[in-house]
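Chemist: need a structure here:
(2 chains)
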Amino acid sequence: DAGVIQSPRHEVTEMGQEVTLRCKPISGHDYLFWYRQTMMRGLELLIYFNNNVPIDDSGMPEDRFSAKMPNASFSTLKIQPSEPRDSAVYFCASYRGLGSPLHFGNGTRLTVT
Amino acid sequence: RKEVEQDPGPFNVPEGATVAFNCTYSNSASQSFFWYRQDCRKEPKLLMSVYSSGNEDGRFTAQLNRASQYISLLIRDSKLSDSATYLCVVKGYQKVTFGTGTKLQVIP
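Modeler: Down below sits the predicted model:
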């Protein structure tokens, strides 16, 4: 089975540019999560969706961040404009059913210069 | 009080040692529990689910104590390859909460 697929694996961009991260959850999974991880702050939940509907976006740092899930097999996390402090690894994860574990993608390592 | 608390470590143990990690959670309505392993610069990966009856997978044993609201992970005969950060995860109705992780370093 294909796992959670994220793209790109690495992104290097200049401050002020728009960045779009992509995620394809595991087929049949109805929950999708976006996390950010840095050495300083650890793993932070940004937003999660249930059946393509955003449920909790309280972790989204500010208006520069937005996330969408137009269908069950695709989600995007957009940062516009990007800033150096956004540099981190961004993980997407999905699961199906209340008792089942999260499955993570390989992550996108974002560097904003 | 944090929703999920773990000792960050690091735990430095010699090869062959037994090491135990605990994780406490504050929400008594939490429904499911897991241990994840994260290697440097990689994604967290499921190590094992945690059940009230306790469960074992090779050298790894996980336990849940609902009355005291903690979960534990025991690693026997530790190997160099066990060096990683171990994250406990607590799931409620929809919410998923990660601990900050406990770093384990197994020394030759």
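
Chemist: Look up the closest residue to the residue in chain B positioned nearest to chain A, ignoring the ones flanking it.
Modeler: Residue nearest to chain A within chain B (C-beta to the nearest C-beta): B:E43, separated by 4.0 Å. To be clear about C-beta, it is placed using only N, CA and C from the backbone, and glycine gets the same treatment. Nearest non-adjacent residue to B:E43, counting by C-beta to C-beta, 6 or more residues apart in numbering or on different chains: A:F104, 4.0 Å away.

Chemist: contacting residues for the one you found?
Modeler: A:V4, A:F91, A:C92, A:A93, B:E43, B:P44, B:K45 (C-beta atoms under 8 Å, 6 or more residues apart in numbering or on different chains).

Chemist: Make sure the second one is actually in contact with A:H103.
Modeler: No - counting by C-beta atoms under 8 Å, A:F91 sits too far from A:H103 to count as a contact (10.6 Å).

Chemist: Looking at these two, which is more packed in?
Modeler: A:F91 (24 against 20; other C-beta atoms under 10 Å in any protein chain shown).

Chemist: Flag every residue of chain B that's near chain A.
Modeler: B:31-32, B:34, B:36, B:41-46, B:49, B:87, B:89, B:91, B:93-96, B:98, B:100-101 (C-beta under 8 Å from any C-beta of the partner chain).

Chemist: repeat that for 6 Å
Modeler: B:S32, B:F34, B:E43, B:P44, B:L46, B:F98, B:T100 (C-beta under 6 Å from any C-beta of the partner chain).

Chemist: Kindly reformat those as CSV containing distance to A:N71 and pLDDT.
Modeler: Formatted as CSV, the residues of chain B next to chain A follow (distance: C-beta to C-beta, whole Å; pLDDT from 0 to 100):
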residue, distance to A:N71, pLDDT
B:S32, 27, 93
B:F34, 28, 96
B:E43, 23, 97
B:P44, 26, 97
B:L46, 26, 96
B:F98, 27, 93
B:T100, 34, 91
